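Student: Here is my input, please return the structure:
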Amino acid sequence: MPAEPRTDAPFYIVLNAGSGRAETDLRCATIRAVLDAAGRACELEVVHDAARLEDAARVMAGRAARDGAILVAAGGDGTLNTVAHTAVAHGCVFGVLPQGTFNYFGRTHGIPEDLADAVRALLHARVRPVQIGLLNDRIFLVNASVGMYPQLLEEREHDKRQYGRSRVVALLSAVKTALRGHRSLRITLELDGRTRHLRTPTLFVGNNRLQMEQVGMHALDHALDAGRLVAIAPRPVGRLRMLGLLVRGALGRLGEADDVEAFAFRRMTVRAPLLSARRRLKTATDGEVCRMALPLRFEALEGRLLLLVPPADADMEAAAGAAAAAR
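Tutor: Next comes the predicted model:
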């Protein structure tokens, strides 16, 4: 078991503003009020420019490692991803204050979505090593993807900036993207000592049990507890059938669809077929979109992130781990 941080360890918090000044000031005041009342020290780095987030997180992680502090990320899953990357690199204990639209990572680990409650939870949390996914040199906490899904995320962010951040806006944006139609990827997969060719509009790799349960991939959500990742690849279909798959996912019934392939793995390499001119693919890790050079290498890394989780959740995870080891 990893060592618990000191009971008086300070919190070094990286907060992604991402909203209006008044809301950001209220968040900062809430964090400070709860920690001051508990007699715990904190340093708060507020990042207003998303382009500075990675640099700010790296600096705070280095200082947290030096001072024996707890590195904390406040923001959506993309912000948590960026700060978690630096926590892993510096070996810091990592805490989260979920402030996004879906908050899959925080909800999976029993962390409250209410900010004041999440800060209070940090005060009594215990360290639990959790699995992360790796796509080339980028980690992901919730999911990574190739093809249509990164495009969907870009469209969703554009619509959220225009119409507001809500789950309804996110769903309607996904419907719009599905109806637009997309070319299929032709890729070669290497996994479990075998090579297979795949044609799909998007390859989605999940590392979050809650998200898998919500879309209805119940047959494979246990794989995440066994140190694996889950890949989902819809077959090439028309626009209306793609819309039908989105509806199934929203209703938690994607696992029943005939037009979807799904499988679990620990390591997988994605290559372009022979004679293909494709050298880079649009990818996304926890909502952050970029282009990556092929080949793409996905891997599950067990226990790499030292996450602070509420005591009840930590106890349940420990019991599950012990039961898995006994089997």
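Student: confidence score at the residue nearest in space to the middle of the chain?
Tutor: Geometric centre of the chain, nearest residue: residue 142, 2.7 Å, by C-alpha atoms, centre = their mean. pLDDT recorded at residue 142 is 97.
Student: For it, give its distance to residue 287.
Tutor: Distance of residue 142 to residue 287, given as C-beta to C-beta, to the nearest Å: 8 Å. From N, CA and C alone the C-beta is placed, and that goes for glycine too.
Student: go on, residue 114?
Tutor: The spacing between residue 114 and residue 287, counted by C-beta to C-beta, is 22 Å.
Student: Check which helix or strand the nearest residue to residue 54 once chain neighbours are set aside maps to.
Tutor: Sequence neighbours aside, residue 82 is the residue nearest to residue 54 in space, at 5.5 Å (criterion: C-beta to C-beta, 6 or more residues apart in numbering). Assessed by DSSP states H and E, residue 82 sits inside helix 77-90.
Student: For residue 142 and residue 287, list the residues in contact with both.
Tutor: Taking C-beta atoms under 8 Å, 6 or more residues apart in numbering as the criterion, residue 142 and residue 287 both touch 77, 81.
Student: what stretches of the protein score poorly on pLDDT?
Tutor: Where the chain drops to pLDDT under 70, the residues are 1, 19-20, 159-160, 165-167, 174-175, 177-179, 181, 274-277, 313-327.
Student: hmm, 50 instead?
Tutor: Within the chain, the stretches with pLDDT under 50 are 315-316, 318-327.
Student: before we move on, the earlier item: between residue 114 and residue 287, which one's more packed in?
Tutor: Just comparing residue 114 and residue 287: by other C-beta atoms under 10 Å the higher neighbour count belongs to residue 287, 22 against 12.
Student: Show the residue spans covered by the strands in the stretch 101-250 of the chain.
Tutor: Using DSSP state E, counting those that start in this stretch, the strands of the stretch 101-250 of the chain run over residues 126-135, 138-140, 143-147, 185-191, 194-200, 202-206, 229-234.
Student: Switch these over to a markdown table; also include mean neighbour count and distance to residue 157.
Tutor: Conversion of the strands of the stretch 101-250 of the chain to a markdown table gives the following (neighbours: other C-beta atoms under 10 Å; distance: least, C-beta to C-beta, whole Å):
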| stretch | mean neighbour count | distance to residue 157 |
| --- | --- | --- |
| strand 126-135 | 20 | 19 |
| strand 138-140 | 23 | 17 |
| strand 143-147 | 26 | 14 |
| strand 185-191 | 18 | 22 |
| strand 194-200 | 13 | 23 |
| strand 202-206 | 24 | 17 |
| strand 229-234 | 24 | 22 |
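Student: Just send the ones you listed back as TSV, with distance to residue 30 too.
Tutor: Output for the strands of the stretch 101-250 of the chain, formatted as TSV (distance: least, C-beta to C-beta, whole Å):
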stretch	distance to residue 30
strand 126-135	23
strand 138-140	28
strand 143-147	29
strand 185-191	44
strand 194-200	44
strand 202-206	32
strand 229-234	35
